[in-house]
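Here is a sequence together with a model predicted from it:
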Amino acid sequence: MSTTTNTRTRAFGAIGAVALSVLLAGCSAGSSEEAAGGGDSAETSASTPAATPGQASCDLEGGVTGTVELTETADAYEVVFTGLPVDGDTDNATFMLVLSGDDETVLSSDYSAGTFRSATVTVGVDGERVDVPDAATASGDVVTAVYPKSTGALADVEPTGWYPNVIYSVSGTSDSVRCGNGTVLPYEPLS
């Protein structure tokens, strides 16, 4: 088993046993030309690397479809999931984004019974889970989570890649959505 697989497996343990049964996958990277609006879009993924440092997005695929956008500012990472079930039929959902680099950092928000019950940041495989009060909000099918860089060791993270994963249960049936074909999407952080 590769070091990357071991790291991912440990990161999943940080968010609970449910995540262990789901294959986390990353986003497919598009070319710079595609990110700029060029290229043959019929043959390319809708996932794009950061055309601008600190910004990236991809289309989620699975039982439902949607998008995820990552925006880094000087003070925080903002993650916006659009098109996913967050309504009365959703039993629970975990909205997760992993920043990869020398180590993995998990930004996670857990939704249950119509409200967000927790949001956490875990830096490193053996890192401490740090609570982020009021990090996530939902409006319709849009989930926005803001993780301040002042949380734990988040300011020290230097990501070179990222991938989202959403695990959810609607009326007792579980599913997950992720980007592309399972590769980690390259990421260019703010300078």
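It's in. Numbers count the residues shown, from 1 in each chain.

any idea which element the residue nearest to the spatial centre of the chain lies in?
For the chain, the residue sitting closest to the mean C-alpha position, by C-alpha atoms, centre = their mean, is residue 97 at 2.1 Å. Using DSSP states H and E, residue 97 sits within strand 90-100.

Parallel or antiparallel, which strands does that strand pair with?
Using DSSP bridges, strand 90-100 pairs in its sheet with strand 104-112 (antiparallel), strand 161-170 (antiparallel).

Reformat those into CSV and put mean neighbour count, distance to residue 136 and mean pLDDT next to each item.
Yep, even glycine has a C-beta here, placed from its N, CA and C like the rest. Converted to CSV, the strands paired with strand 90-100 look like this (neighbours: other C-beta atoms under 10 Å; distance: least, C-beta to C-beta, whole Å; pLDDT from 0 to 100):
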stretch, mean neighbour count, distance to residue 136, mean pLDDT
strand 104-112, 24, 4, 94
strand 161-170, 24, 12, 90
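
With distance to residue 87 added, can I get these in CSV?
Output for those, formatted as CSV (distance: least, C-beta to C-beta, whole Å):
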stretch, distance to residue 87
strand 104-112, 10
strand 161-170, 9
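
start to end distance for stretch 139-152?
Using C-alpha to C-alpha, to the nearest Å, the end-to-end distance of stretch 139-152 comes to 28 Å.

The closest residue to residue 87 other than its chain neighbours: how many residues sit nearby?
Spatially, and ignoring its direct neighbours in sequence, residue 87 is nearest to residue 141 (7.9 Å; C-beta to C-beta, 6 or more residues apart in numbering). Residues contacting residue 141 under the criterion other C-beta atoms under 10 Å number 14.

again, but for residue 189
Residue 189: 16 neighbours (other C-beta under 10 Å).

can you check residue 139 too?
8.

repeat for residue 149
When neighbours are counted by other C-beta under 10 Å, residue 149 registers 17.

Select the helix or strand of this protein having the lowest average pLDDT value.
helix 17-20 (a mean of 29; mean pLDDT, DSSP states H and E).

Residues in a beta bridge with residue 80, which ones?
residue 69, residue 144.

which ones are touching it?
68, 69, 71, 142, 143, 144, 145 (C-beta atoms under 8 Å, 6 or more residues apart in numbering).

Please tell me the pLDDT value assigned to it.
The model reports residue 80 with a pLDDT of 97.

From residue 174, how far out is it?
Counting by C-beta to C-beta, to the nearest Å, the gap from residue 80 to residue 174 is 23 Å.
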